[in-house]
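A.B. asks: I would like to see how this sequence folds:
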Amino acid sequence: MTRYIFITGGVVSSLGKGLASAALGALLQARGYKVRLRKLDPYLNVDPGTMSPYQHGEVFVTEDGAETDLDLGHYERFTGVNATRGDNVTTGQIYKTILEKERRGDYLGATVQVIPHVTDEIKRFVLSDPGEGVDFVLVEIGGTVGDIEGLPFFEAIRQLGQQLPRGHVCFVHLTLLPYIKTAGEMKTKPTQHSVKELRSIGIQPDILLCRCETEIPASERRKIALFCNVRESAVIEAQDSSSIYTVPLDYHRQGLDTEVLEVFGITDAPAPDLSRWETIGHTLTHPDGEVNIAIVGKYTGLTDAYKSLVEALVHGGVANNVRVRFDWVEGEAFEGGEEAMIAERLTGVHGVLVPGAFGQRGSEGMIEAVRFAREHEIPYFGICFGMQMAMIEAARNLVGLKDASSTEFGPTSEPVVGLMTEWVRGNARETRVEGDNLGGTMRLGAYDAVLTPGSKVFDIYGGPAISERHRHRYEVNIGYREAIEGTGLTFSGLSPDGVLPEICERADHPWFIGVQFHPELKSRPFEPHPLFASFIGAAKERSRLV
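C.D. replies: Sure thing, here's the model as predicted:
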């Protein structure tokens, strides 16, 4: 029977529950167990798809097209298990489901209440089929204990702790142990109060995962165990790691996986095979050089907005045994088109990447970044919005269509990018794409593409057929294909029906590729995405030339 591990947090947010959950899942996998990870988010939004990246960070898109919390990206990268729309639920989704049932009369006139109706719906989500042969389901509860919006979720997992068979539930609580430098002391009170709050709603943690800057003294460990009613061995030290990919090793050394298994009465589990984590840890700490990548985007003030992108670039570095350094450039910085300033920021970098985005802000600066990378033969990688900016740059500066633009930015006589229903140039057929967001059509999730034999991307992928995850509303207008390809920017990947441009590339450039999809969502530390591995390889080559 499947066992359940609930990961909660206290004191402050951003302690790393998602990473801790992913690392624990990886450790259980390393012992031969099959795992699945899920996330409960207490906010009222139905999903993070309409939330500002500055509010929520990256929106992680699953294979089946769900817009989910960025922690699901951690889950996938650490375990290699593809998440689904059934692995992330919000308060908004829960209440939406309940209200739809109430309107249909499913409750037969009963008064709809938080208990039992809301908690029952949460439990139904948690216990929904995790898949065949899954040994452990790890469930992370967003926010911190004591938050008003999180109370129904804590009540639901409390009930599950009583309703599931004895020995089939483990509660892991992540807390902060601050070190007061002026006093020279580690303070346990925040952890004590957090556990007290958790116990007041009926949940006794089995394990405490304590974030700290220094080693926990034996006396403080005993104090925590005594006042929080846990065994000393269950007070797990969680110091900052040199890399997120060494966290599983650090947690194993502290005994986290052993302690979790003992909660379930499992004492004969095989020792974990952590060789691949040891290998990647060594690669990250002993690189053969480094490359500098300029990321010219819209949300550079919060790097969590590009979480999967950053990790995919790191994976590309691992594939080439180099450290990747990031130069974050706000697109608006290049809006004036001042060549001296652009040159100052980009001349010394080994690669330029323009990531996905929505809206016009910063777009002109991104187009300038594309132009500079093209003219100075700097490896260029355009992702989603970045591919669209590459198309507009070619149309303006090489084809001579000075009004070339995207209808996302307003009416234009040369809609190189637009909604397919808006296209007026060429003979591209009208279509609507599945998925709806903000009242418009979107492509969300996995879609197939066909690559041109002999193209660079054909060689990179090693074949003609690929499937990648999308999250966008606007498309490159196939009606401009002949004019743009005349400039050397070829459409080397198309949708199977030949209507939607998926990839563009330049043969007259060391490395210049744009993709309409988000390859970063499928990159893994042990399986770097081929496009990122190739891009960083090109950047590594340039680093030797400049």
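
A.B. asks: three-state assignment of the residue of the chain most remote from its centre?
C.D. replies: Centroid-distance maximum for the chain: residue 109 at 41.8 Å, with CA atoms, centre = their mean. Classification of residue 109 using DSSP: H, G, I helix; E, B strand; the rest coil returns coil.

A.B. asks: what stretches of the chain score poorly on pLDDT?
C.D. replies: 420-440 (pLDDT under 70).

A.B. asks: at 80 what do you get?
C.D. replies: The model of the chain has pLDDT under 80 over residues 337, 420-441, 545-546.

A.B. asks: circling back: phi first, then psi, for the residue farthest from the centre of the chain.
C.D. replies: For residue 109, the backbone dihedrals (degrees, to the nearest 10) come out as phi 80, psi 0.

A.B. asks: if I look at it, how far off is residue 101?
C.D. replies: 12 Å (CB to CB, to the nearest Å). Bear in mind the C-beta positions are built from the backbone N, C-alpha and C, glycine included.

A.B. asks: Overlap in contacts, those two.
C.D. replies: Common neighbours of residue 109 and residue 101, counting by CB atoms under 8 Å, 6 or more residues apart in numbering, are absent.

A.B. asks: Show me where the stretch 101-250 of the chain has its helices.
C.D. replies: 119-127, 151-163, 189-200, 218-228, 247-253 (DSSP state H, counting those that start in this stretch).

A.B. asks: list the buried ones in the third one?
C.D. replies: Spelled out, that is helix 189-200. Going by neighbour count (16 or more other CB atoms under 10 Å), the buried part of helix 189-200 is 191-195, 197-198.

A.B. asks: now those as a markdown table including distance to residue 28?
C.D. replies: Shown next, in a markdown table, are the buried residues of helix 189-200 (distance: CB to CB, whole Å):
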| residue | distance to residue 28 |
| --- | --- |
| 191 | 25 |
| 192 | 29 |
| 193 | 30 |
| 194 | 25 |
| 195 | 24 |
| 197 | 28 |
| 198 | 23 |
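
A.B. asks: any idea which of the residues you listed is the one closest to residue 279?
C.D. replies: residue 191 (34.4 Å; CB to CB).

A.B. asks: That closest one: what's it in contact with?
C.D. replies: Residue 191 makes contact with 10-11, 175-177, 208, 210, 224, 228 under the criterion CB under 8 Å, 6+ apart.

A.B. asks: Counting neighbours, which of those residues comes out on top?
C.D. replies: Among those, residue 175 has the most neighbours (other CB atoms under 10 Å), with 30 neighbours.

A.B. asks: pretty sure it contacts residue 10?
C.D. replies: Yes: Residue 175 is in contact with residue 10 according to CB atoms under 8 Å; the separation is 4.8 Å.

A.B. asks: what is in contact with those two at once?
C.D. replies: 190-191, 194-195.

A.B. asks: ok, of the residues you listed, which one's closest to residue 378?
C.D. replies: For those, the nearest to residue 378 is residue 190 (47.7 Å; CB to CB).

A.B. asks: what about that closest one, distance to residue 205?
C.D. replies: From residue 190 to residue 205 the distance is 14 Å (CB to CB).

A.B. asks: Ok, residue 241 next?
C.D. replies: The gap separating residue 241 from residue 205 is 22 Å, by CB to CB.

A.B. asks: With residue 165 instead?
C.D. replies: 19 Å.

A.B. asks: List the contacts of residue 92.
C.D. replies: Residue 92 touches 43-47, counting by CB under 8 Å, 6+ apart.

A.B. asks: out of these, who has the most neighbours?
C.D. replies: Going by other CB under 10 Å, residue 47 tops the contacts of residue 92 with 20 neighbours.

A.B. asks: Surely residue 234 and residue 204 touch.
C.D. replies: No: here residue 234 does not reach residue 204: they are 11.2 Å apart, not a contact under CB under 8 Å.

A.B. asks: For these two, indicate the residue with more neighbours.
C.D. replies: residue 234 (23 against 14).

A.B. asks: Give me the contacts around whichever strand or helix holds residue 326.
C.D. replies: Assigned by DSSP states H and E, residue 326 belongs to strand 323-330. With CB under 8 Å, 6+ apart as the test, strand 323-330 has contacts from 284, 287, 289-298, 300-301, 303, 310, 313-314, 316-317, 345-346, 349, 362, 365, 369, 536.

A.B. asks: List the ones among the residues you listed that fall in strands.
C.D. replies: The members of the contacts of strand 323-330 that map onto strands under DSSP state E are 290-297.

A.B. asks: Report the distance from stretch 159-167 to the chain centre.
C.D. replies: Stretch 159-167 has its average C-alpha position 32 Å from the chain's average C-alpha position, going by CA atoms, centre = their mean, to the nearest Å.

A.B. asks: and what of stretch 82-102?
C.D. replies: Offset of stretch 82-102 from its chain centre (CA atoms, centre = their mean): 20 Å.

A.B. asks: For it, measure first residue to last.
C.D. replies: Using CA to CA, to the nearest Å, the end-to-end distance of stretch 82-102 comes out at 33 Å.

A.B. asks: buried sites along it?
C.D. replies: With burial defined by 16+ other CB under 10 Å, the residues of stretch 82-102 counted as buried are 83-91, 93-95, 97-98.

A.B. asks: what does stretch 480-493 give?
C.D. replies: Neighbour-count burial for stretch 480-493 [16+ other CB under 10 Å]: 480-481, 483-484, 487, 489-493.

A.B. asks: again with stretch 286-306
C.D. replies: Neighbour-count burial for stretch 286-306 flags 291-300, 303, 305-306 (criterion: 16+ other CB under 10 Å).

A.B. asks: now for it, what's the gap between its first and last residues?
C.D. replies: In stretch 286-306, first residue to last residue: 25 Å (CA to CA).

A.B. asks: Likewise for stretch 197-216?
C.D. replies: Stretch 197-216 has an end-to-end distance of 22 Å (criterion: CA to CA).

A.B. asks: sorry, back to before: how about the contacts of residue 92 in CSV, adding distance to residue 325?
C.D. replies: CSV is the format used below for the contacts of residue 92 (distance: CB to CB, whole Å):
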residue, distance to residue 325
43, 34
44, 39
45, 34
46, 38
47, 33
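
A.B. asks: Switch those over to JSON lines; also include secondary structure.
C.D. replies: Below are the contacts of residue 92 laid out as JSON lines (three-state DSSP):
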{"residue": "43", "secondary structure": "coil"}
{"residue": "44", "secondary structure": "coil"}
{"residue": "45", "secondary structure": "coil"}
{"residue": "46", "secondary structure": "coil"}
{"residue": "47", "secondary structure": "coil"}
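
A.B. asks: Taking the residues you listed together, which two end up most distant?
C.D. replies: By the measure CB to CB, 44 and 47 form the most distant pair in those, at 11.1 Å.

A.B. asks: so residue 139 makes contact with residue 126?
C.D. replies: Yes: the criterion here is CB under 8 Å, and residue 139 meets it with residue 126 at 5.8 Å.

A.B. asks: Find residues that contact each of those two.
C.D. replies: Residues touching both residue 139 and residue 126 (CB under 8 Å, 6+ apart): 4, 38, 40, 157.

A.B. asks: Looks like the second one contacts residue 142 (just checking).
C.D. replies: So the one you mean is residue 38. No: under the criterion of CB under 8 Å, residue 38 is not in contact with residue 142, lying 11.2 Å apart.
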